[in-house]
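Here is the input, now give the coordinates:
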Amino acid sequence: MEEPRYELASIGARLGALVLDWVMIMIGGTFLVFGAGAAILSALVFAFADEETGGVEVAIGLLLIGMALVLAYSIWWLFALRNGQTPGKQIVGIRAVDLATGKTTGWGRMFVRQFLVKGFVIWVNVLAGLVMGDAGVPAGLSFVLLIVWLLDHLWALWDENNQALHDKVMGTTIARKAPGA
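Purely as a prediction, here's the structure:
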């Protein structure tokens, strides 16, 4: 069997893509949170004041900017998945490939990799929060989930194929994009 032809992405490129993705998500999320907070505060001030306030317009503006950023990132994310990429991976020039064949993972496999397998720790935390309600997620569980998330991503440091644990589950690795690809 012929060896797959691809160059493994460096750990630095993987980290850069991860940071870029998180920063883009955080920027949109920040606008949404501040916009929602401003909208609630403006509504409370407006409800108890006899005069109009200009805060409602600002709050609506922040919410719209946040929604636009989150929507734009989500659409970009969905389109980038078909090339085995996230927006961060696309900017850095790396992609997820099948470990055995070196072929780019398709949209469905990348969606499962990103949303279900990599997101498992996040989903467990969210579900635990929903189940626990007002009591919140126990600090011990959050700590364990953080360790699992870190171990997942750090695994690539000592793996011969630079695979994180989620790559091992999906049979993928991260490779540099071939020129013109």
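
so G171 touches K103, yeah?
No: with contact defined as CB atoms under 8 Å, G171 does not reach K103; the gap is 11.4 Å. For every residue, glycine as well, the C-beta is placed using N, CA and C.

show me where the chain has helices.
For the chain, helices defined by DSSP state H occupy the ranges 11-48, 55-81, 87-92, 107-111, 120-132, 139-154, 165-170.

Between G171 and K103, which has more neighbouring residues?
G171 (14 against 11; other CB atoms under 10 Å).

which residue sits closest to the more buried one in space, ignoring its chain neighbours?
Among residues not flanking G171 along the chain, L99 sits closest, at 5.3 Å (CB to CB, 6 or more residues apart in numbering).

ok now do that neighbour, which residues does it touch?
P4, N161, Q163, D167, G171, T172, T173 (CB atoms under 8 Å, 6 or more residues apart in numbering).

ok, so of those residues, who is nearest G140?
Among the contacts of L99, D167 lies closest to G140 (CB to CB), at 27.8 Å.

right, and that closest one touches I174 too?
Yes: judged on CB under 8 Å, D167 makes contact with I174 at a distance of 7.1 Å.

what sits in contact with each of these two?
With CB under 8 Å, 6+ apart, D167 and I174 have common neighbours A96, A156.

Tell me how far the residue nearest to G93 when sequence neighbours are not counted lies from M110.
Using CB to CB, 6+ apart and skipping residues adjacent in sequence, the residue nearest G93 is K177, 4.8 Å away. Distance, K177 to M110, using CB to CB, to the nearest Å: 14 Å.

ok, the two, which is more surrounded?
Neighbour count, other CB under 10 Å: between K177 and M110, M110 has more, with 25 against 20.

returning to that earlier point: and the pLDDT at the residue nearest to G171?
If you check L99, the pLDDT there is 90.

Regarding it, what are the backbone dihedral angles?
phi -60, psi -40 (degrees, to the nearest 10).

Check N83 too.
For N83, the backbone dihedrals are phi -100, psi 10 (criterion: degrees, to the nearest 10).

And the pLDDT at it?
pLDDT for N83: 88.

wait, isn't it in contact with T104?
Yes: N83 lies in contact with T104 (CB under 8 Å); the separation is 6.0 Å.

got any residues that touch both of the two?
R95.

Those two: who's more crowded?
Per other CB under 10 Å, whichever of N83 and T104 has more neighbours is T104, with 21 against 18.

Low-confidence regions, this protein specifically.
1-4, 39, 41-59, 125-126, 128-139, 178-181 (pLDDT under 70).

Apply 90 and report the result again.
1-7, 21-84, 86, 100-153, 165-166, 169, 177-181 (pLDDT under 90).

hmm, which of the contacts of L99 are the buried ones?
Q163, D167, T172, T173 (16 or more other CB atoms under 10 Å).
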